[in-house]
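In: A predicted structure for the sequence below; I have some questions about it.
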Amino acid sequence: MQRIRESRQLFTFEVEPLQMKEDAWEMLDATEACVARVRDGVVFVAGEGVYDASLQPICRLTSG
């Protein structure tokens, strides 16, 4: 949580999941990982959790 609180920039990628093909998902994963690595950040995936620059889970979201 501290790492998220210390964030100073936010990059948002909005996609239409039903129109995404497998290669587009792979490109999005690579782009998110690259931005997280270059900007020393994390990746938040709505409904899933928070991941590090290697796309390894830091915090998984659970349904209530």
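Out: Done, it's in. Numbering: from 1, shown residues only.
In: switch to C-alpha atoms for all contacts and neighbour counts from now on
Out: Noted.
In: so where do the strands sit in the chain?
Out: 43-45, 49-51, 57-60 (DSSP state E).
In: what separates the longest helix that the chain contains from the chain centre, distance-wise?
Out: Identified as the longest helix of the chain according to DSSP state H is helix 22-38. With C-alpha atoms, centre = their mean, to the nearest Å as the basis, helix 22-38 stands 8 Å off its chain's centre.
In: For that helix, what does the pLDDT average out to?
Out: Across helix 22-38, pLDDT averages out at 92.
In: Likewise for stretch 46-53?
Out: 87.
In: quick revisit: make JSON lines out of the strands of the chain and add distance to Q9 and mean neighbour count.
Out: Listed next are the strands of the chain as JSON lines, based on distance: least, C-alpha to C-alpha, whole Å; neighbours: other C-alpha atoms under 10 Å:
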{"stretch": "strand 43-45", "distance to Q9": "12", "mean neighbour count": "18"}
{"stretch": "strand 49-51", "distance to Q9": "16", "mean neighbour count": "17"}
{"stretch": "strand 57-60", "distance to Q9": "19", "mean neighbour count": "14"}
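In: Turn the ones you listed into JSON lines, including distance to P17.
Out: As requested, the strands of the chain are arranged in JSON lines below (distance: least, C-alpha to C-alpha, whole Å):
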{"stretch": "strand 43-45", "distance to P17": "12"}
{"stretch": "strand 49-51", "distance to P17": "17"}
{"stretch": "strand 57-60", "distance to P17": "20"}
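In: Chain neighbours aside, what residue packs nearest to the residue nearest to the spatial centre of the chain?
Out: Nearest to the geometric centre of the chain sits V43, at 2.6 Å (C-alpha atoms, centre = their mean). Leaving out its chain neighbours, the residue that sits closest to V43 by C-alpha to C-alpha, 6 or more residues apart in numbering is Y51, at 5.0 Å.
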